[in-house]
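1. Any chance you could fold what I've pasted below:
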Amino acid sequence: MKEMLRVDLRRNPKEPNYDPFLCQICYQATTKDVYKCINVQFKILERNQSLNLTGLWNFTNYTVAVRCKANGFGKWSEWSNRVTNRTEEQAPLKIDLWRVIETYPNGNRSVHLLWKEYKEFPSSGIITGCKVKYTAEHVNTTFEKKYNHNEPVILSLMKDAYNIRFTAHNSAGYSPEVTIRIPSKHEETIDQKRITHLKASALEEKVLLTWDSTNSEINSYIIEWHDELEKDPNKRSWDRITNTTEWISHKGIFKHFKCYNFSVYPLCKEEIKKPTSISIYFHESVPSTGPQAETENAGKDYAIITWKEIPKAERNGVIINYTVIYKEGNKCLEETVDSSILKYKLKSLQPNTYYRAWIKANTIMGGTKGNEIHFFTKLLSTTDITLATAFTGIFMIFILSFGLLWALKYKMIKQICWPQIPHPVIASYPAVSQKIILGNSSSKDDINILKMDTCRENELPLLNPENFFKQANVTAKIPVAGQETFCTGEYRALECLLPVSSLNHDFKNQTFLTMKSDSESSAKDEMQYQEYLQEKTESNSYLKNSVCSREFLDCENVEQNTKEPETQPASCYSAGDPYVAPDTVKLLSKY
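-> Predicted coordinates:
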């Protein structure tokens, strides 16, 4: 008989007969914390006596023990041996059905059906299988499938809404039918969250969840949880609560240092709405291992270090930040970065220096160091090498270009870079390219220069005509008053004095005029100068009557001769030709 156990009593032959007598029967459910004792009185104890224990749970193991004593007096006998038996099986009373939906990019969905017996009802037997019927709301076609006890129930559904009916069965029969609705894809998209301020905290052996509801009509919730590393939807757990916004888990169902995902689903008119989720570590510790780091790049004064995240199974808590530790000799430095950063650039490093570095991952309970890496900073940066190469290339191009120009245009470059500067006192000699006639000329147009006395050592000497004549020993052809005249080498001594006229004052404060030395332009300059002399001759009657020769003064008597210059007249070769009558020339002091 269901919900009942029959107990058979047998008297010990060695015991005396006690009429009437009292028996105490105690029984306990082995799978539940239930213990109960009842007293039964017998008038005459026969050899075999039977009685029924009623009000028991179906398909539940019970342990029974009996002791007896004389009615009204005496003491209890020893407990009989313990006997365990199970009540009969009956059809499942009620099934708690849940679903996990996986959505694919094309909109189709896989629905995993999870079921268990309601905790409010005792076990009624061993469920051997289930039957599932599902129907699309816009189609009247119903599909039916049967599954074994250990076979996962997975339905492939389209985007439409479906109604699913589920029944479980055992050897005694079928359970009542349970219905669950799967919303359409469109409904899932537009549905709004009805739970706010979800919080989770780990107690000593339990987990506490609290939240707020935005809809007063909601009074039932489903709490779903699973290990974050568990990807099998069929291994998820769930619980139902009513008329409360707080949930405390059962003791001992969570493991330390593991991360769990919790989702709270509100039930509105028996329909499951959009959930709110949160993750929490059930207690935390330091990571089991540290981050694996490596050097990505090292420059002159910097180094880039990258590292990988610690596997979730080895974190043992929430990684709040990373500490980058690097060491130069005995000098240790640290940099702390956010947990989302997996690359860091060390700056202000010393060039050409050896460094050691490692990364430490930190939770609220502490940190764990990873592997140690080593690197050398470079002596020169890429920018330094680029600039040095560029400057070297530019310099080489400049040298090659200058050398090529020097080979092709060295005269022009020499004249530009090192121009010939005339002597400030002594004029240059006329070009040799002029027409030269060797020997002394007896022409009447020759200009004779008298010999000049030598100067003292502390004064700058003028040209010695005799020496100069020996060096030149030529006769130059020059135009005088429009006529071409040939002169002896003495002309070169006079050439320095041709631009000077009427020097009646001291030469100490005047600049000594010089002539151009360029051989190519000297002829042109001479022509211009002769034209200038012709104009002066025609306009000045004094110059026509002057002497053609001038005696140079001794340097020692310069000051006296300046006041009353002595001249030696010289007859002109031609009365009508122009001539030069320079005034007394005072020797310049040595500069």
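
2. show me where pLDDT drops low in the protein?
-> 1-2, 15-19, 44-47, 72, 120-123, 423-526, 528-591 (pLDDT under 70).

3. mind redoing it with 50?
-> 1, 428-519, 539-591 (pLDDT under 50).

4. for residue 66, what are its contacts?
-> 7, 9, 23, 24, 25, 26, 79, 80 (Cβ atoms under 8 Å, 6 or more residues apart in numbering). Where you see a C-beta, it was placed from the backbone N, CA and C, and this is true even at glycine.

5. List the beta-bridge partners for the third one.
-> Using DSSP bridges, the bridge partners assigned to residue 23 are residue 40, residue 68.

6. buried ones in the longest helix belonging to the chain?
-> Looking across the chain with DSSP state H, the single longest helix is helix 382-417. For helix 382-417, the neighbour count (16 or more other Cβ atoms under 10 Å) marks no residue as buried.

7. ok, now stretch 5-21?
-> In stretch 5-21, counting by 16+ other Cβ under 10 Å, buried: 5, 7, 9, 11, 18, 21.

8. Ok, stretch 85-97 next?
-> 87, 88, 89, 90, 91, 92, 93, 95, 96, 97.

9. Check stretch 127-134 too.
-> Using 16+ other Cβ under 10 Å as the test for burial, stretch 127-134 gives 127, 130, 131, 132, 134.

10. ok, these vs residue 167, which is closest?
-> When the buried residues of stretch 127-134 are compared for distance to residue 167 (Cβ to Cβ), residue 131 wins out at 5.1 Å.

11. Hmm, residue 148 and the closest one touching each other?
-> No - using Cβ atoms under 8 Å, residue 131 is not in contact with residue 148; the gap is 11.2 Å.

12. Export stretch 292-303 to CSV, keeping only CA atoms.
-> What follows is stretch 292-303, C-alpha atoms only, in CSV (Å, rounded to 0.1, in the frame of the first residue of the first chain):
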residue,chain,number,x,y,z
GLN,A,292,53.0,35.9,-18.7
ALA,A,293,54.9,38.9,-19.9
GLU,A,294,57.2,39.6,-22.9
THR,A,295,59.1,42.6,-24.3
GLU,A,296,57.4,43.9,-27.5
ASN,A,297,59.9,46.6,-28.3
ALA,A,298,62.8,48.4,-26.5
GLY,A,299,64.2,51.7,-27.6
LYS,A,300,66.8,54.2,-26.4
ASP,A,301,64.7,55.5,-23.4
TYR,A,302,61.6,53.3,-23.5
ALA,A,303,60.4,49.7,-23.5
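
13. So which residues lie in contact with that stretch, not counting its own?
-> With Cβ under 8 Å, 6+ apart, stretch 292-303 has contacts from 304-308, 326, 343, 345-351, 355, 357-359, 370-371, 373, 375-382, 384.

14. and with 7 Å instead?
-> 304-308, 345-349, 351, 355, 358-359, 370-371, 373, 375-378, 380-381 (Cβ atoms under 7 Å, 6 or more residues apart in numbering).

15. same question, stretch 125-144
-> Residues contacting stretch 125-144 (Cβ under 7 Å, 6+ apart): 58-59, 89-90, 92, 113, 115, 145-149, 153, 155, 160-172.

16. can you check stretch 158-165 too?
-> Contact with stretch 158-165 is made by 107-108, 132-138, 177, 179-185, 187, as judged by Cβ under 7 Å, 6+ apart.

17. Just the buried residues of that stretch, please?
-> Neighbour-count burial for stretch 158-165 [16+ other Cβ under 10 Å]: 161, 162, 164, 165.

18. which among the contacts of stretch 292-303 end up buried?
-> 305, 307, 346, 349, 355, 358, 359, 370, 373, 375, 377, 378.

19. ok, those residues vs residue 221, which is closest?
-> Nearest member of the buried ones among the contacts of stretch 292-303 to residue 221, counting by Cβ to Cβ, is residue 307, at 41.2 Å.

20. Is the closest one in contact with residue 319, as I believe?
-> No - contact between residue 307 and residue 319 fails when scored by Cβ atoms under 7 Å: they sit 11.5 Å apart.

21. residue boundaries of the strands in the stretch 251-400 of the chain?
-> 259-268, 271-272, 276-281, 293-298, 303-307, 321-328, 331-338, 343-346, 354-363, 366-369, 373-376 (DSSP state E, counting those that start in this stretch).

22. Kindly report the same for the stretch 1-150 of the chain.
-> Counting by DSSP E, counting those that start in this stretch, the strands of the stretch 1-150 of the chain are 4-10, 21-29, 34-42, 48-54, 61-70, 83-86, 95-103, 109-117, 129-136, 142-148.

23. Next, format those strands as TSV and append distance to residue 201.
-> TSV is the format used below for the strands of the stretch 1-150 of the chain (distance: least, Cβ to Cβ, whole Å):
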stretch	distance to residue 201
strand 4-10	45
strand 21-29	34
strand 34-42	33
strand 48-54	45
strand 61-70	38
strand 83-86	41
strand 95-103	25
strand 109-117	26
strand 129-136	37
strand 142-148	38
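
24. Which stretch among the ones you listed approaches residue 392 most closely?
-> Taking those one by one with Cβ to Cβ, strand 95-103 is closest: 64.3 Å.

25. what angle separates that closest one from strand 109-117?
-> 160 degrees (axes from the mean of the first three to the mean of the last three Cα atoms, to 10 degrees).

26. strands paired with the one helix or strand residue 181 maps to, and their directions?
-> Using DSSP states H and E, residue 181 falls within strand 178-182. Strand 178-182 has the following strand partners under DSSP bridges: strand 162-170 (antiparallel).

27. after the partner strand comes which helix or strand?
-> With secondary structure assigned by DSSP H and E, strand 162-170 is succeeded by strand 173-174.
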